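Asker: Following is a predicted model, sequence given first.
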Amino acid sequence: MDKVRRFLPLILLAGVIALIFGMGWNRYLSLATLRDHGADLRAYAGDHYILALLSLMAIFTIATASVVPGVFFVTITAGYLFGPWVGGISTSIAATVGALIVYGVARSALGVSLRRRAEQNPGLMRTVCEAIDKETFWYVLASRLAVVVPFHMINLAAGVMAVRLTPYTLATVIGLLPAHIIYCFIGSQLNALLATNPNPDFAALFGSFWAPMAGVFVLAVVLPIVLKAVQARFKRPQGQPQ
């Protein structure tokens with residue numbers, strides 16, 4: 001029964017993934033869906049704003065937790081429907097909930113046993129666990145801001161390492177916000193484009209958004225360094241030379 005409880009979340013998540021791919025719902029996560037149904041989606045969001053926003057967040061959460069390719073296009077859709085700020089904040093929250101689901105699945109199936117084994121045996125694994133425990137917030141924040149780090153790998157690793165939940169959650173929300181706001185800004189610009197050109201060249205379109213994409217890169221590289229410097233300054237004992 002203990003093994004059943006441990007692996008039940010993993011089995012349920014695998015069932016959701018199988019259902020999504022079996023029904024072909026993953027095919028709707030594309031810019032073609034926005035091109036073909038964007039006007040109807042905007043009309044629905046205008047008439048049922050809260051319901052549409054909550055529905056999009058639910059879809060984003062499920063897509064994130066089930067590791068379905070194409071979640072990026074849901075972010076673009078959020079910007080298209082709700083603008084960069086509402087879209088960026090809501091998708092960041094939804095992505096965090098999805099990340100917590102993956103974290104919980106990994107922790108229930110593997111995290112407890114692996115963490116216990118690491119703590120009982122001195123060596124590199126124990127040292128890594130202690131380092132992550134000490135600086136969980138900064139490790140996760142830097143990983144989230146560095147958008148080149150695979151999102152789902154961070155979730156799985158955090159669950160397997162059984163990192164502390166509160167700093168992991170805060171760092172995930174804060175770390176996702178900059179990129180999500182920028183992606184939703186790109187999505188918000190599609191409204192005017194699709195109104196004048198229902199069949200645009202999306203490859204050329206995203207090539208024209210080099211400035212926002214460069215902003216994501218700068219945030220990923222610079223912001224963790226700045227935040228770490230601020231943390232070190234506040235940790236410096238009083239009276240110590242600046």
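Answerer: Here it is on my side, so go on.

Asker: got any ranges where this protein has weak pLDDT?
Answerer: Applying pLDDT under 70 to the chain flags residues 1-4, 110-132, 146-149, 192-242.

Asker: So which elements touch the longest helix that the chain contains?
Answerer: Across the chain, the longest stretch assigned as helix under DSSP state H is helix 71-106. Applying 3 or more Cβ pairs under 8 Å, 6 or more residues apart in numbering; DSSP states H and E, one finds that helix 71-106 makes contact with helix 2-23, helix 31-47, helix 49-65, helix 151-161, helix 165-196. Placement of C-beta: from N, CA and C, glycine included.

Asker: In that helix, which of the residues would be classed as buried?
Answerer: 71, 73-84, 86-106 (16 or more other Cβ atoms under 10 Å).

Asker: So which of the helices and strands packed on helix 71-106 is nearest L141?
Answerer: Nearest to L141, of all the helices and strands packed on helix 71-106, is helix 165-196, at 4.1 Å by Cβ to Cβ.

Asker: now the angle from that closest one to helix 31-47?
Answerer: 100 degrees (axes from the mean of the first three to the mean of the last three Cα atoms, to 10 degrees).

Asker: what comes up buried for helix 165-196?
Answerer: Applying 16+ other Cβ under 10 Å to helix 165-196 flags 167-169, 171-191, 194 as buried.

Asker: Who are the packing partners of it?
Answerer: helix 31-47, helix 71-106, helix 136-145, helix 202-207, helix 210-235.

Asker: Please produce a markdown table containing the helices and strands packed on helix 71-106, extended by distance to E135.
Answerer: Below are the helices and strands packed on helix 71-106 laid out as a markdown table (distance: least, Cβ to Cβ, whole Å):
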| stretch | distance to E135 |
| --- | --- |
| helix 2-23 | 27 |
| helix 31-47 | 38 |
| helix 49-65 | 25 |
| helix 151-161 | 12 |
| helix 165-196 | 9 |
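
Asker: I'd like to know which of these lies nearest to R144.
Answerer: That would be, of the helices and strands packed on helix 71-106 and by Cβ to Cβ, helix 165-196, which comes in at 2.5 Å.

Asker: orientation of the closest one relative to helix 151-161 in degrees?
Answerer: Going by the same axes, to 10 degrees, helix 165-196 makes 170 degrees with helix 151-161.

Asker: how far away is the nearest residue to M57 once chain neighbours are set aside from T61?
Answerer: In this structure, M57 finds its nearest non-sequential neighbour in A94, 4.1 Å apart by Cβ to Cβ, 6 or more residues apart in numbering. Distance, A94 to T61, by Cβ to Cβ, to the nearest Å: 5 Å.

Asker: for the nearest residue to F60 once chain neighbours are set aside, what are its contacts?
Answerer: Spatial nearest neighbour of F60, excluding adjacent residues (Cβ to Cβ, 6+ apart): A94 at 3.8 Å. For A94, the contact set (Cβ atoms under 8 Å, 6 or more residues apart in numbering) comprises L56, M57, A58, F60, T61, T64.
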